[in-house]
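>>> One predicted model, sequence on top.
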Amino acid sequence: MKTITFKLFILCIVLGTTACSSNDSTEKQTDSPEKKLYDYYVDSNMQKAIDQLGITINKGDTPPNVEGIYYIDPFRCTNSNFNDGYLGVNLGTSTLTLSNQNTTNLSVDFKNFTIYSHDAQNETWEGKGSFISGQGDKFSILLHSNGELDYGSYIAKYQNLIILSGELDIQDNNIKGIKNLQLASIMSDDYKDPHNTLIAIGQGRLFTNTYANMK
């Protein structure tokens, strides 16, 4: 009788331990699609730059529909994490196009065309299938944008992490614009910068405007 009782006691311990292990494994939730996408764009170096620039990241997996063409005049450089001559400068007018938003994949196509009024240059930032997050009327878009600077005798190629954040202004169920617009551009790959022309990886700028009108 004592032997049987002892075996039953051991069996209960084994079953109890197995049940606890099973519960523990179910409690370990896998990363959400939103977090996986965010981690794809933002490593520790990029996160440090984001914190330094102070751009707001609106997280969540139910972003609003942001599709449309927006007019920004001007974009002003309001923060930088390095000694930067652009700080405080108004860059000029920008046209922002957001299209082909996919709520399932949390993606949207992004194109920003800026006319630099102070040095007669133009620049385009573009990303297909950019990551969008947010909830309610607030959103953030992250993308990698490949660029080139033509210096005549050579071309400097680079990749930037672009982050756009804001809040839709919706009136009578129609988008009128974007409030509290922020756009960060952070150097993410300088392809070894053979001509020593580009800013360093992790250096970036924050551009802001209180309102972007829907065109």
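Cool, the structure landed. Numbers count the residues shown, from 1 in each chain.
>>> From the centroid of the chain, which residue is nearest?
Ranked by distance to the mean C-alpha position of the chain (Cα atoms, centre = their mean), the top residue is residue 142 at 2.6 Å.
>>> Pull the CA coordinates from the helix or strand hosting it and hand them back as PDB.
With the criterion set as DSSP states H and E, the secondary-structure element containing residue 142 is strand 138-150. Below are the C-alpha coordinates for strand 138-150, written out as PDB (Å, rounded to 0.1, in the frame of the first residue of the first chain):
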ATOM      1  CA  LYS A 138      -2.400  59.100 -35.100                       C
ATOM      2  CA  PHE A 139       0.200  57.300 -37.300                       C
ATOM      3  CA  SER A 140       3.900  56.800 -38.000                       C
ATOM      4  CA  ILE A 141       5.500  55.600 -41.200                       C
ATOM      5  CA  LEU A 142       9.000  54.000 -41.400                       C
ATOM      6  CA  LEU A 143      11.000  53.300 -44.600                       C
ATOM      7  CA  HIS A 144      14.500  52.900 -46.000                       C
ATOM      8  CA  SER A 145      15.100  55.500 -48.800                       C
ATOM      9  CA  ASN A 146      18.100  55.100 -51.100                       C
ATOM     10  CA  GLY A 147      19.600  58.400 -52.300                       C
ATOM     11  CA  GLU A 148      22.400  59.800 -54.400                       C
ATOM     12  CA  LEU A 149      24.300  63.100 -54.100                       C
ATOM     13  CA  ASP A 150      25.800  64.200 -57.400                       C
END
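>>> Tell me the buried residues in it?
Going by neighbour count (16 or more other Cβ atoms under 10 Å), the buried part of strand 138-150 is 138-145, 147. The C-beta positions use only the backbone N, C-alpha and C, and glycine is treated the same way.
>>> swap in stretch 190-200?
Burial within stretch 190-200, assessed by neighbour count using 16+ other Cβ under 10 Å, is assigned to 190, 193, 198-199.
>>> after the helix or strand hosting residue 158, next one along is what?
In this assignment (DSSP H and E), residue 158 forms part of strand 155-171. Per DSSP H and E, strand 155-171 leads on to strand 174-189 as the next helix or strand towards the C-terminus.
>>> quick one, that next one and strand 138-150 angle?
For strand 174-189 and strand 138-150, the angle between their directions (axes from the mean of the first three to the mean of the last three Cα atoms, to 10 degrees) works out to 50 degrees.
>>> got the angle between whichever helix or strand comes after strand 174-189 and strand 174-189?
The helix or strand immediately downstream of strand 174-189 is strand 204-214, counting by DSSP H and E. Here strand 204-214 runs at 160 degrees with respect to strand 174-189, directions being taken by the same axes, to 10 degrees.
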